[in-house]
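J.: got a structure for you, letters missing:
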């Protein structure tokens, strides 16, 4: 044992008589302060060397060295990085109750947003949360919620939440595809309370139902562009001046074969959702149907993935008055990525996206080249392949097995190039 | 001045390594010139100190993975010769390793029995005392009717016999190779056999520990594969002797174990996992799959024994599903590979993306056609893996090559696969990969082995590469250069002459060999083989006159 070659011995014996600090510099050019315990150990080693010379067997030499180590043996002390990482691991994974950073959007167009939450489990898989967000544009969100997962043999998830949102400068460009790139803005405050349930009778199906009470208050915008009432009338911005309150019912059903909605390289989603917005004054009630298709087509063991997305939103009765702020829209980091948030609004919308993804690292890094196209229309029959707005772009996504916490994309449309930062998958 | 804090951890580890190397250097006879001692070569690594004060630790999985994936823990210098190898370049028995195959005859029956010393869990009701908290396989901890403690893990739902078969086979292979292994038995669990103990606790998603309920047990079984007869095939692993201390790291030494003086990244048996891991596709080498226990020696001292506790993520399967396509080919993160893929839009194609696999749910993704031993990579490379040298991989490859076809087939049979195709597939791929390992590592350096010198002066030796039929005999034969050797000064003395041997591995020493008891000689043996120029680097063998001639030293790489 411990039979080192001559060159190694020369290197080591050469450093034997030098100070510990000098040794540190030679060992790894590390400008560090040598811990006292290690310095002592070095000295002990040197001392043991003298004794070793007097030994007459290999076993005796090793025994002497082990005796020397026994004098300094001490339990392992984790380093600071290790302590920090272990604490983070404990705080967020082993003990998910407690405070956590919260990265999400208050409302599209709010800009860079930070937040925090506090979670407390009160069942094996049931927790209550309080969380808040604040953006650079002073968008705010406060929400209390409770989520309970895995009922009915793991097939039923229940959620309930109540909150308040304040979007101070939501842009409005007018209705249709031919609006100038010259927005106005409005402030939207929304209080809400509701719940929903999602069930998967078999793993590849998903059915959801939800009900919520939503109280909207619309005010003049705080943004740099003119406030909406200075530019538009109720004719060009239906519902302008109104602050409706809704009972919002929704139901959906579909097939979902993706490993996770937050990140997938295979599988697909085929889902139809029905929304009923019942205005308490029955002035602005409307129904909407959404149909969404996602299909990921992996190639060569998921080395590449063609990902396709289609989303159709249609107000069911063209004669309903849908308030301007609840109309289907295009333009944002998750729809037409080359256009600013809420760029196009009308009663119906069609979005189609295609991505060519490649996977530099399967643990956490995807790249994508994408193409988005879509349009909004006042009537469903106007949905067609003509007059579409489109963009192309490239993106980098940092992901985990089930989520995409950071997506950075550069998209170019006819109105310029936009940089997208998002904390979720594109689709 | 944040830098000192930033690098403090690395510095401590570096210095731990340096301290150990200093210790080793002082232990070396070269400190005063003497090269060999009377007890060389050691057959057993001394463990002289009482280690009973060693405290249990918990190596955090995330930190361990991050440290090994994105850092380079351990000795920052070039890898030195294995620190635990003895003077004839072999690994002595220790609390880490026991010489079995190659070092002594191991029968097929012995290899097939592996670490098993007794029988499995006693029949009757099994009391579930805790959920399974390590690893991803569905499982639980239980006591059998005799009160013995067992760790039970099931096959994942949809993958019958995969995880359990892999554990059974890998368990025998790694025991035969020399590692401390857990006794693992195949059991078929009936649900009415299981009773939840009153003291049993679980830690659900909430993180709050609470008493275990029957529904928790049902949740485990739902994730497990149920056989047609309603039973669950599982592995029952006997609790190992001694007090569990947590795993071991693949670098540095355990700071509170006085007997642990060789940095783990320089331990040959840990470096050798580069070869053994490649052979068996042991992709999950993390510290969490190891276990140290504190045992009591015959003379009443405490000693730390080191287990490769979980070798189940082997061949083509993991705990819950087949290996990912890139498992065994690429680490979870390799910057250069990622950059190449990034800038080529993914057109940087690697063999794992095209390798063909025989579909078999019990074996998973395990193949030999595209297998490249030198390119094999675990999910997270260990510090010891990264420091494996040619003499380490040569040492390991000889042991892999010592597994005969019959032994491999017999060991695979212990996996008790109900599908004969699964058994045949696993055995054939192991044989194919074994041969590739031999071809990759045995001819890579001078493969002269088993050097001996008879009292009459007849030198004999073998050629591991030629014997394994992975390289032709050296066209120019072997050339031996004989010198005297002054052991007190550690230097060769005068030339004794040169001899040659064409193919036989036999050569008569020069007549001038010293006859004084205690005298030393050195003979350098090189092979003249143009297709293997590395064989020209001589192997140096040292003999001491003690009655006959005893081999006391062997240096394969200077």
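T.: Thanks, I have the structure now. What you see is a predicted model; the values in this text were computed from it and never measured.
J.: Can you mark which positions in stretch A:231-251 are buried?
T.: For stretch A:231-251, burial by neighbour count (16 or more other CB atoms under 10 Å in any protein chain shown) applies to A:231, A:232, A:237, A:238, A:239, A:240, A:242, A:244, A:246, A:248, A:249, A:250. Bear in mind the C-beta positions are built from the backbone N, C-alpha and C, glycine included.
J.: Now do the same for residue A:320: helix, strand or coil?
T.: coil (DSSP: H, G, I helix; E, B strand; the rest coil).
J.: I figured it hits residue A:283, correct?
T.: No: judged on CB atoms under 8 Å, residue A:320 makes no contact with residue A:283 at a distance of 10.3 Å.
J.: Comparing those two, which residue is more hemmed in?
T.: Neighbour totals were compared for residue A:320 and residue A:283, and residue A:320 leads with 15 against 11 (other CB atoms under 10 Å in any protein chain shown).
J.: List the beta-bridge partners for the residue lying closest to the more buried one once chain neighbours are set aside.
T.: In this structure, residue A:320 finds its nearest non-sequential neighbour in residue A:286, 3.9 Å apart by CB to CB, 6 or more residues apart in numbering or on different chains. Beta-bridge partners of residue A:286, counted by DSSP bridges, are residue A:277.
J.: For residue A:286, list the residues it contacts.
T.: Residue A:286 makes contacts with A:277, A:315, A:316, A:317, A:320, A:321, A:322, A:326, as judged by CB atoms under 8 Å, 6 or more residues apart in numbering or on different chains.
J.: which parts of the helix or strand hosting residue B:151 are buried?
T.: Using DSSP states H and E, residue B:151 sits in strand B:149-154. Residues of strand B:149-154 classed as buried: B:150, B:151, B:152, B:153, B:154 (neighbour count, 16+ other CB under 10 Å).
J.: In three-state terms, label residue B:410 for me.
T.: Secondary structure state of residue B:410, per three-state DSSP, is helix.
J.: next one: residue A:306
T.: Residue A:306 - assigned by three-state DSSP - is strand.
J.: and it, how many residues sit next to it?
T.: Neighbourhood size, residue A:306 [other CB under 10 Å]: 13.
J.: Nearest residue to it in space, please, no chain neighbours.
T.: residue A:297 (4.3 Å).
J.: Check the gap between that neighbour and chain B for me.
T.: For residue A:297, the distance to chain B equals 14 Å [CB to the nearest CB, to the nearest Å].
J.: Quick one: residues contacting that residue.
T.: Contacts for residue A:297 (CB under 8 Å, 6+ apart) come out as A:305, A:306, A:307, A:308.
J.: number of nearby residues for the first one?
T.: Taking other CB under 10 Å as the criterion, the count of residues near residue A:305 is 21.
J.: Show me the beta-bridge partners of the closest residue to it other than its chain neighbours.
T.: Spatial nearest neighbour of residue A:305, chain neighbours left out: residue A:357 (4.3 Å); criterion: CB to CB, 6+ apart. With DSSP bridges as the criterion, residue A:357 is bridged to residue A:305, residue A:368.
J.: for chain B, what's the longest strand?
T.: strand B:491-501 (DSSP state E).
J.: how far does the very next helix or strand once past that one sit from the chain's center?
T.: Next helix or strand after strand B:491-501 toward the C-terminus (DSSP H and E): strand B:506-508. Its chain's C-alpha centre and that of strand B:506-508 lie 35 Å apart, by CA atoms, centre = their mean, to the nearest Å.
J.: Need the residues that contact strand B:506-508.
T.: B:457, B:458, B:459, B:460, B:478, B:480, B:499, B:500, B:501.
J.: Closest one to chain B out of the contacts of residue A:297, please.
T.: Closest approach to chain B among those (CB to the nearest CB): residue A:305, at 9.5 Å.
J.: The strand holding residue B:151 - contacts with which helices or strands?
T.: strand B:139-143, helix B:162-177, strand B:184-189, strand B:232-238 (3 or more CB pairs under 8 Å, 6 or more residues apart in numbering or on different chains; DSSP states H and E).
J.: any idea how the chain splits into domains?
T.: No chain was given, so I picked chain A. If you go by automatic domain parsing, the domain ranges for chain A are A:6-74, A:141-422.
J.: that's the wrong chain, I meant chain B
T.: Per the record, chain B has its domains at B:3-111+B:246-441, B:118-166+B:181-244, B:448-555, by automatic domain parsing.
J.: shaky segments in the chain?
T.: Let's take chain A. Counting by pLDDT under 70, the ranges of chain A that qualify are A:1-54, A:94.
J.: that's the wrong chain, I meant chain B
T.: In chain B, residues with pLDDT under 70: B:1-32.
J.: 80 instead?
T.: Within chain B, the ranges that satisfy pLDDT under 80 run B:1-32, B:133-136, B:502-504, B:558.
J.: Output the set of residues of the stretch 201-350 of chain A in proximity to chain B.
T.: Contacts of the stretch 201-350 of chain A with chain B, taken as CB under 8 Å from any CB of the partner chain, map to A:300, A:301, A:302, A:303, A:304.
J.: By neighbours, which of those wins?
T.: Neighbour-wise, these (other CB under 10 Å) top out at residue A:303, 23 neighbours.
J.: And the residue lying closest to residue B:537 once chain neighbours are set aside, how far from residue B:467?
T.: Here the nearest residue to residue B:537 in space, its sequence neighbours aside, is residue B:446; by CB to CB, 6+ apart that works out to 5.4 Å. Distance, residue B:446 to residue B:467, using CB to CB, to the nearest Å: 14 Å.
J.: Have a look at the two and say which one is more surrounded.
T.: Per other CB under 10 Å, whichever of residue B:446 and residue B:467 has more neighbours is residue B:446, with 27 against 18.
J.: So the more buried one: helix, strand or coil?
T.: Residue B:446 is classified as coil under three-state DSSP.
J.: Isn't it up against residue B:555?
T.: No: assessed by CB under 8 Å, residue B:446 is found out of contact with residue B:555, at 10.3 Å.
J.: Just give me the residues shared between the contact sets of the two.
T.: Joint contacts of residue B:446 and residue B:555 (CB under 8 Å, 6+ apart) are residue B:539.
J.: picking that back up, and the residues of the stretch 201-350 of chain A next to chain B, which of them are in helices?
T.: Among those, no member is found in helices (DSSP state H).
J.: Which two among the residues you listed are spaced furthest apart?
T.: The span of these, defined through CB to CB, is set by A:301 and A:304 at 9.5 Å.
J.: Which residues in stretch B:319-335 does the neighbour count mark as buried?
T.: Buried, per 16+ other CB under 10 Å, within stretch B:319-335: B:319-334.
J.: Could you do stretch A:66-73 as well?
T.: Applying 16+ other CB under 10 Å to stretch A:66-73 flags A:66, A:68, A:69, A:70, A:72, A:73 as buried.
J.: what does the stretch 151-300 of chain B put close to chain A?
T.: So the stretch 151-300 of chain B meets chain A at B:204-208, B:210, B:222, B:254-262 (CB under 8 Å from any CB).
J.: Please repeat the previous calculation with a cut-off of 10 Å.
T.: Residues of the stretch 151-300 of chain B found near chain A (CB under 10 Å from any CB of the partner chain) are B:202-208, B:210, B:213, B:215-216, B:218-219, B:222, B:246, B:249, B:252-262, B:266.
J.: Can you narrow the buried residues of stretch B:319-335 down to the ones near chain A?
T.: B:324, B:325, B:326, B:330, B:331, B:332, B:333, B:334.
J.: can you put the residues you listed in CSV and add distance to residue A:56 and secondary structure?
T.: Below are those laid out as CSV (distance: CB to CB, whole Å; DSSP: H, G, I helix; E, B strand; the rest coil):
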residue, distance to residue A:56, secondary structure
B:324, 55, coil
B:325, 57, coil
B:326, 54, coil
B:330, 51, coil
B:331, 47, coil
B:332, 50, coil
B:333, 50, coil
B:334, 49, coil
